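# Quick one: sequence plus predicted model below, questions after.
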Amino acid sequence: MVFKQRIFVGILSAVIVGGMTSSVGAVRHAATIEGTTVVRTSPLAAVKTGDGTKSISERVNMIINQSHRTVKTAADSSKTLHQWPIEYRDEGGTLLFSDSPEYVPSEGILYQDTVEGDARVLYYHLNNTNEPKKVAVVLTNKYQGPNEVHITRGGSGAPSDDYLKVGKQGQMAYWGDTMNQVIPLPVGGARLLQEQMNEIILQPGQLVYGVYDFTASHPVQVTVLMLSAYGDPISAAQQLPILPKDDMKLRGTFKGMDRVLTSPKVYNPDEDGGVYFPLADDMKDKYKEGIDATDGSKVTNFGNYGIVYKIEMPVTGNARTQYYLSPLGGTYAGAMQVRYGQSNPSMLPTPIGKPYFGDATPPESDNTERARQAGVWTLTSHTELADLGSYHSDKPTYFEYTPPGASNLPVNIIMMPAQ
């Protein structure tokens, strides 16, 4: 993923934001995958844009500098929060994750595997050639009879060299209206996951990101590929070679595409005060392990991209509970979904009212980082927060979340008494 400061991951890759000079900044934003953040270890490729040839980090910094920022920060100058106990359980179907090579140097197959039943495909790729290209997902029937694929949810961001915009648009499309699309597949037949994939063109340096949930009645081969802007995706899926992975190796097949989060303890805002729990930190919330079906190797989903988190915290008491999302790794732009009781789900851009946030929060000191990981975290006037709303405890509140492409990880979810 491009702007992933894996804690550039992505789809989810990481971009080094700003020219931090302190040793603390280096710890939080350095190119390493050994901490709670995941970042790209290889040099970032230069890409062609309308502004001339720029590296990914230069492009992202330009986007940030051009934006008019309105940042929501913690209201109090400081507030101490305690880590809330969380239980994690994986369930659901199969995730197919295609993000390697992220900077695609030539036409070819980016990922391919065969699935049956409930599945999700996530693709995140940048056209790193000098010619316009298409990225497509082809479904091929591997059953000895008629087959059917039912698409239930999905969306993608329009190709762009504004990588934060692509990531946020893709998430808002995914968490928008549900889908009810049926794709029939005759014996030996193949079709595009979405017909418009044959018309969407990536210019050099542009990124595309999409996520789709579907159910296959019988085995279906899923092929993610980059091809010529003038080529036929169906025939190209049968002819193009499988491209090798890049250094991050972010592609694979992962069982259990949903992660359910709850707590053994009931939260009472009047008694428990402010609490938090992390998402995608690889300490409390471990990264998923899977297999790259193209070569059989074991892989790790650094960042848990494509995993949908289903969050329901038991809450009691008379006071309303206020929820926030706070990015810990740097610049962040995404969306979530919330449902209160039996109401219809609502989409929550993170943040609301501005394209991104997280870039104004200064790096933590070593002591602050260790304390947060150990269970005590201090909000300051510089801590940036995305408002997820406040809700009474008379009805359950459900959140759904997935790590956005082009953004930095991990994040904390905060629960506190509504003021």
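Here it is on my side, so go on.
# which residues of the stretch 201-350 of the chain fall in strands?
Secondary structure of the stretch 201-350 of the chain (DSSP state E, counting those that start in this stretch): strands located at 207-228, 251-255, 258-262, 275-279, 289-292, 297-300, 308-311, 321-327, 334-340, 346-350.
# show me what contacts residue 257?
Taking CB atoms under 8 Å, 6 or more residues apart in numbering as the criterion, residue 257 is in contact with 92, 93, 94, 95, 118, 119, 120, 306, 307, 308. Quick note: C-beta positions are derived from backbone N, CA and C, even for glycine.
# any idea how far residue 282 is from it?
The gap separating residue 257 from residue 282 is 18 Å, by CB to CB, to the nearest Å.
# ok, back up a step: so how do I select the buried members of the contacts of residue 257 in PyMOL?
Here is the PyMOL command that picks out the buried ones among the contacts of residue 257, judged by 16 or more other CB atoms under 10 Å:
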select buried, resi 92+93+94+95+118+119+120+306+307+308
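# In JSON lines, list the contacts of residue 257 along with pLDDT and distance to residue 168.
As requested, these are arranged in JSON lines below (pLDDT from 0 to 100; distance: CB to CB, whole Å):
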{"residue": "92", "pLDDT": "98", "distance to residue 168": "24"}
{"residue": "93", "pLDDT": "98", "distance to residue 168": "26"}
{"residue": "94", "pLDDT": "98", "distance to residue 168": "26"}
{"residue": "95", "pLDDT": "98", "distance to residue 168": "21"}
{"residue": "118", "pLDDT": "98", "distance to residue 168": "26"}
{"residue": "119", "pLDDT": "98", "distance to residue 168": "24"}
{"residue": "120", "pLDDT": "98", "distance to residue 168": "19"}
{"residue": "306", "pLDDT": "98", "distance to residue 168": "16"}
{"residue": "307", "pLDDT": "98", "distance to residue 168": "18"}
{"residue": "308", "pLDDT": "98", "distance to residue 168": "17"}
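# Okay, now the unreliable bits of the stretch 251-400 of the chain?
When residues are selected by pLDDT under 70, none of them lie in the stretch 251-400 of the chain.
# Ramachandran angles for the residue nearest to residue 332 when sequence neighbours are not counted?
Take residue 332 and drop its neighbours on the chain: the residue closest to it by CB to CB, 6 or more residues apart in numbering is residue 358, 4.0 Å away. Per-residue torsions, residue 358: phi 100, psi -20 (degrees, to the nearest 10).
# Could you tell me how far residue 358 is located from residue 85?
Distance of residue 358 to residue 85, computed by CB to CB: 26 Å.
# Between these two, which has more neighbouring residues?
Taking other CB atoms under 10 Å, residue 358 and residue 85 do not tie; residue 358 has more neighbours (24 against 13).
# Could you double-check that the more buried one lies in contact with residue 385?
No. In this structure residue 358 lies outside contact range of residue 385 using CB atoms under 8 Å: 10.1 Å.
# Only C-alpha atoms, please: export stretch 116-130 in PDB.
Below are the C-alpha coordinates for stretch 116-130, written out as PDB (Å, rounded to 0.1, in the frame of the first residue of the first chain):
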ATOM      1  CA  GLU A 116     -15.600 -21.600  -2.300                       C
ATOM      2  CA  GLY A 117     -18.300 -20.200   0.100                       C
ATOM      3  CA  ASP A 118     -17.900 -16.800   1.800                       C
ATOM      4  CA  ALA A 119     -14.800 -14.800   0.700                       C
ATOM      5  CA  ARG A 120     -13.400 -11.300   0.500                       C
ATOM      6  CA  VAL A 121     -10.900 -10.000  -2.100                       C
ATOM      7  CA  LEU A 122      -8.800  -6.900  -1.400                       C
ATOM      8  CA  TYR A 123      -6.400  -5.400  -4.000                       C
ATOM      9  CA  TYR A 124      -4.100  -2.500  -3.600                       C
ATOM     10  CA  HIS A 125      -1.700  -1.700  -6.400                       C
ATOM     11  CA  LEU A 126       0.100   1.200  -8.100                       C
ATOM     12  CA  ASN A 127       0.900   1.400 -11.800                       C
ATOM     13  CA  ASN A 128       4.700   1.700 -11.700                       C
ATOM     14  CA  THR A 129       5.100   1.600 -15.500                       C
ATOM     15  CA  ASN A 130       5.300   4.300 -18.100                       C
END
